[in-house]
Every structure is written in structure tokens, then in C-alpha cells.
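[1] have a look; sequence and predicted model below, questions after that.
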Amino acid sequence: MNKIKILGISGSLRKESFHTKLLKTAAAMPFEDAEIEIVEIGNLPLFNQDWEADPPETVKEFKKKIRESDAILFVTPEYNYSVPGTLKNAIDCASRPYGDSAWSGKPAAIMSGSVGLQGGAKAQYHLRQSMVFLDMHPLNKPEMMVPMIQDKFDASGNLTDEGTKQRVREMIEALVAWTRKLQ
């Protein structure tokens, strides 16, 4: 059986981002039937409809990576009750022009975290709303919201919380099963 190719996208550009660390943790975990490739979104230009018919090379490459993947893993913080602008920009870049969305039909999972107790729940719900229009298929369970994310990593950036590690593993395994079900 072929491995499921998961494209991992962090919604944070911060160098010491806990969300990028969480994504790197998932990508480093050994999975028998999955591999996770991380793609950077910080190099994407701000979406501009003037170039959507002939997008910049970075956008073309981003869309290619999405299309070559079997599933998407979003790992995002919550900014102002929603997803960060950089993530929304990446979503917009890959969804245009109308009728040529790279997201269409893709299974997806969402992990989020926050320095508070809600773990980025509002960002997840907004991202799910976008997935309706994008014709994506989000994994409903398990949900993964990491409260007090700053307490889950050591000074070297390693995830130290065993419960969170187990939940990451369970999410990836569920995404693989969901993707296979939809194929």
C-alpha cells in the first residue's frame, strides 16, 4: 500500500513558532503509511487578482505541491478570533483563479494551539468555514487544540508533553484513514 503524502502548512511565520514546532514534530514521527512534507508560505506574494491568470512561480509551485499531496495538515495559531493573514493569503493564492483551486477535494486536518486555554478553537472554526467553499474534506474527529502551547516544548524546541505527542499521532493516523476512505 502506498504511503499517504501529507502536505503540512504552518500558519505562523515566527522563527520560534510553537505551531511550526508542532508541525515539525508530526513530520519527524515515524508512520508506516504516511509521510509529511512541510511547505513554507512566507515566500508567497500577497494575492492580487491582476496576476491570477499567470501567477508568480512561487504560487505555481505551491499549487503543484498541494495537487501532488494526498491530504493537507494545517497547524495554525489564532489571531483576532481567526486564522493569521499569511495563512488566509496562502489559501487565496492556491484557490484562484475560480475553477482552478488546488484545494478542491483534498482531505484535511487542523491542529491549533494558543497560550490560553481555548487552544485556537476559533481559528479552526474559521478555517473549516473556508473549507466549505474550497470543497475540502476536513477531518471532524479527533479535534486537536493545544491549550497553553508554550508549556509543551523545551528550550530546544522539542515537544515534551506526552499527551500532546499521542494526540498528534492519533490525528495523523486518523487523517490517513480518512484519506484512504475518500480515495
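    Yep, that arrived. Residues are numbered from 1 along each chain as shown.

[2] residues touching residue 26, list them.
    Residues counted as contacts of residue 26 (CB atoms under 8 Å, 6 or more residues apart in numbering) are 8, 36, 73, 75, 111, 168, 171-172. Any C-beta I mention is one placed from the backbone N, CA and C, and that applies to glycine too.

[3] and the pLDDT for the nearest residue to it once chain neighbours are set aside?
    Once flanking residues are discounted, residue 26 sits nearest to residue 168: 5.1 Å by CB to CB, 6 or more residues apart in numbering. With respect to pLDDT, residue 168 scores 97.

[4] cool, and residue 181?
    The model reports residue 181 with a pLDDT of 97.

[5] pretty sure it belongs to a helix, no?
    Yes: under DSSP: H, G, I helix; E, B strand; the rest coil, residue 181 sits within a helix.

[6] what's around it, how many residues?
    If you count neighbours by other CB atoms under 10 Å, residue 181 ends up with 9.

[7] quick one: contacts of stretch 120-127?
    Identification of contacts with stretch 120-127 by CB under 8 Å, 6+ apart yields 11, 74, 76-79, 81-84, 87, 110, 112-114, 143, 145-146.

[8] over to residue 55. Which of the three states is it?
    In three-state terms, and counting by three-state DSSP, residue 55 is coil.

[9] tell me the pLDDT of it.
    95.

[10] look up how far residue 112 lies from the closest residue in space to it that isn't next to it in sequence.
    Sequence neighbours aside, residue 93 is the residue nearest to residue 55 in space, at 7.2 Å (criterion: CB to CB, 6+ apart). Separation of residue 93 from residue 112 (CB to CB, to the nearest Å): 21 Å.

[11] please apply the same query to residue 134.
    Noted for residue 134: a distance of 18 Å to residue 112, by CB to CB.

[12] please apply the same query to residue 102.
    As for residue 102, its distance to residue 112 is 22 Å (criterion: CB to CB).

[13] thanks a lot, see you next time.
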